[in-house]
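Novice: Sequence and predicted structure below; questions after.
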Amino acid sequence: MSFSLSTCTTVDIDHIKKKRVEAIRGQILSKLRLTSPPQTLGPSQDNTETEYYAKEIHKFNMIQGSPENNDLPYCPKGITSKVFRFNVSSMEKNATNLFRAEFRALRVPNSSAKRNEQRIELYQILRPDEHIAKQRYIGGKNVLTKGTPEWVSFDVTETVREWLMYRETNLGLEVSVHCPCHTFSPNGDIVENVNEVLEVKFKGMDSEYEEQNRWDLGRLKKQKEQLLPHLILMMLPPHRLDVLPTSRRRKRALDTNYCFSNYEENCCVRPLYIDFRQDLGWRWIHEPKGYHANFCSGPCPYLRSADTTHSSLLSLYNTLNPEASASPCCVPQDLEPLTILYYVGRTPKVEQLSNMIVKSCKCS
């Protein structure tokens, strides 16, 4: 007869997260050889320009094809979203050099819009999974539907960083309406927004697609390509990093494919995003604003058989060490670096901090 056994103490997840946040606070200061957060005056205008022009800028237009939408199943008929896809595979070898990424789309007037302004939200499209949502919220904005064309931009640094590290996660971005298709009246009654469709129009989408097929080759085509939705990637040149990143991409750990759920069934990577301002109270780290630190949690069972020598040894061990864990515990296996830009006074510094991002876990 055999049964599963794990003697690792079960710890409250919220408690683990708090401990992880405090550990990261100490890690960052220690790796920077600081005893306390530095005094910062922020970037001067000159420093800002220097930092901008010291980066490598790369532009990636959206992949052109038939217009796509990802309409919400519970909304009335009508287009509630648009999908944008990009190929950034050429930058994968420089994933750790990514400083900032922006999604930009040119909003053009929609003469048939029923409202002058609409709330739109940007999402990262995720792979289908029964335990997690099909999309991850990135940000939202109120945008005019009419009037002079204007560029709309979103910070997508963490999303693009994930794409560069793990190509299979690049399923595109989705712009959708804010509503889940209903609002509430003052007395609490549900009011259906039957006309709530995506009225914000972007250059290169919808009817623009037919126009793209008729573009003449040459200067006119190049001019119009400049107006397509695109990604801007700002990369730190290798010489700007104190520790040069390896060019070999780390194989995606299996547990990141199935661990990001609400069910603690095994030793897995658990998601934890740390916002430097909100979680640590720090304003001296200029970029990034936060990062996915993650942590390891979950049982590490093993099979114990009553007729084995191992069983006898385990019983003796438990007798001699009643407070110790007789089974493996869930600990990090693969960790990745984090590159930060911070200021000491008005002096910018770029550092790559080793072993800051948990990518996979093991029982040890």
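Specialist: On my side now, so go ahead. Numbers count the residues shown, from 1 in each chain.

Novice: Just confirm residue 92 is within a helix.
Specialist: Yes: counting by DSSP: H, G, I helix; E, B strand; the rest coil, residue 92 is located in a helix.

Novice: Correct me if wrong: it contacts residue 169.
Specialist: No: using CB atoms under 8 Å, residue 92 makes no contact with residue 169, being 11.8 Å away. All C-beta atoms are positioned from the backbone trio N, CA, C, and that covers glycine.

Novice: between the two, who's got more neighbours?
Specialist: residue 169 (17 against 14; other CB atoms under 10 Å).

Novice: close enough to count as contact, that one and residue 161?
Specialist: No: using CB under 8 Å, residue 169 makes no contact with residue 161, being 10.3 Å away.

Novice: Can you classify residue 124 as helix, strand or coil?
Specialist: strand.

Novice: ok, the residue nearest to residue 56 when sequence neighbours are not counted - contacts?
Specialist: In this structure, residue 56 finds its nearest non-sequential neighbour in residue 235, 4.4 Å apart by CB to CB, 6 or more residues apart in numbering. Taking CB atoms under 8 Å, 6 or more residues apart in numbering, we find residue 235 in contact with 55, 56, 57, 58, 91, 94, 97, 98, 99.

Novice: are any of those residues buried, and which?
Specialist: Taking 16 or more other CB atoms under 10 Å as the criterion, what is buried in the contacts of residue 235 is 55, 58, 91, 94, 97, 98, 99.

Novice: from the residues you listed, which two are the most distant?
Specialist: Pairwise distances across the buried ones among the contacts of residue 235 peak at 13.1 Å for 55 and 91 (criterion: CB to CB).

Novice: where does residue 8 land on pLDDT?
Specialist: pLDDT for residue 8: 51.

Novice: buried stuff in the lengthiest strand in the chain?
Specialist: Longest strand in the chain, counting residues (DSSP state E): strand 347-363. Judged by neighbour count using 16+ other CB under 10 Å, the buried positions of strand 347-363 are 348, 350-353, 356-363.

Novice: Between the buried ones among the contacts of residue 235, which sits nearest residue 25?
Specialist: Lowest distance from residue 25 to those (CB to CB) belongs to residue 99, with 22.8 Å.

Novice: Residue 153 and residue 104 touch, don't they?
Specialist: Yes: contact criterion CB under 8 Å: residue 153 and residue 104 qualify, at 4.7 Å.

Novice: For the longest strand of the chain, enumerate its sheet partners and note whether each is parallel or antiparallel.
Specialist: strand 330-344 (antiparallel) (DSSP bridges).

Novice: Any regions of the stretch 251-364 of the chain where pLDDT drops low?
Specialist: Confidence mapping of the stretch 251-364 of the chain against pLDDT under 70 gives the ranges 251-265, 301-327.

Novice: Enumerate the helices of it by residue range, in sequence order.
Specialist: 255-258, 276-280, 309-320 (DSSP state H, counting those that start in this stretch).

Novice: All good on my end, thank you.
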